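Participant: How does the following fold in three dimensions:
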Amino acid sequence: MNILSLENITHSYTERKLFDDASFYLHEGEKVGIIGINGTGKSTLLKIMAGLEVPDSGNVIKASNLMIHYLPQNPKFNEDDTVIESVQNMVHHHANEDELVKAKAMMTRLGINNFEQKTGELSGGQRKRLALVSVLITPCDILILDEPTNHLDLNSISWLETYLMNYNGAVFIVSHDRFFLNRVVTKVIEIENGALSMYMGNYRAYSEKKQQIRDAKL
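Facilitator: Have a look, this model is predicted:
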């Protein structure tokens, strides 16, 4: 079942056209990696899917009552909030006690142990882990993650891989970590020359298919 579709979207940033009559669809439970060279519009595509930006033309069609959680590449916090206050402020509603217990367990697993520490005192890696916890503690239909492994150590990346592979909802990921994508995703969408091309399988399957296409052109 399709839960989100982009139909014939066109979108420009300043004077540059990022997408030109581009389309794709998402099924329930799919794990999708978004790839493309820098400047092709990967983060913009995520924002369009999350409803934070509107394409110049075309349609974004979502299933009714669809819940989407979005992790930006550079999460913003109130520097004076405590760690636990930041979690509460980033979720889509005021976190209940069960969710706070889950958040504390996740943060402890990811190396954040002082829940009363000011968020402004955290390192870049701790901030990213805090933002991850905030989007993961409540259920949703689609997780949209922009460079989720940035600033994470190997143990945190391994934990996130396992979490996402076992996650029942759909996931969209932009990441430069090809090993991470290879272990997590079940579909790859490549942004190239304003178009979106879909490849079934993980990153290795995508690479092999691209090589076959290049060889066929020789």
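Participant: now the strands for this structure?
Facilitator: Using DSSP state E, the strands found in the chain span residues 2-13, 16-27, 31-35, 57-62, 68-71, 142-146, 170-174, 187-192, 195-200.
Participant: possible to save those strands as a markdown table with distance to Val87?
Facilitator: For every residue, glycine as well, the C-beta is placed using N, CA and C. Below are the strands of the chain laid out as a markdown table (distance: least, Cβ to Cβ, whole Å):
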| stretch | distance to Val87 |
| --- | --- |
| strand 2-13 | 26 |
| strand 16-27 | 27 |
| strand 31-35 | 25 |
| strand 57-62 | 26 |
| strand 68-71 | 13 |
| strand 142-146 | 16 |
| strand 170-174 | 20 |
| strand 187-192 | 30 |
| strand 195-200 | 34 |
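Participant: Tell me which residue is most central in the protein.
Facilitator: Leu145 (1.4 Å; Cα atoms, centre = their mean).
Participant: Quick check, that one in contact with Gly169.
Facilitator: No - judged on Cβ atoms under 8 Å, Leu145 makes no contact with Gly169 at a distance of 11.8 Å.
Participant: for stretch 111-123, how far is the first residue from the last?
Facilitator: In stretch 111-123, first residue to last residue: 12 Å (Cα to Cα, to the nearest Å).
Participant: Okay, buried residues for the least confident helix or strand in the chain by mean pLDDT please.
Facilitator: Counting by mean pLDDT, DSSP states H and E, the chain has its least confident helix or strand at helix 83-90, which shows a mean of 84. If you call a residue buried by 16 or more other Cβ atoms under 10 Å, then helix 83-90 has these buried ones: 83-88, 90.
Participant: give me the low-pLDDT residue ranges for the chain?
Facilitator: 92-95, 218 (pLDDT under 70).
Participant: Scan it for its longest helix.
Facilitator: Using DSSP state H, we find that the single longest helix of the chain is helix 203-217.
Participant: ok so, going back, who's the residue nearest to the centre of the chain bridged to?
Facilitator: Beta bridges link Leu145 to Leu71, Ile173, judged by DSSP bridges.
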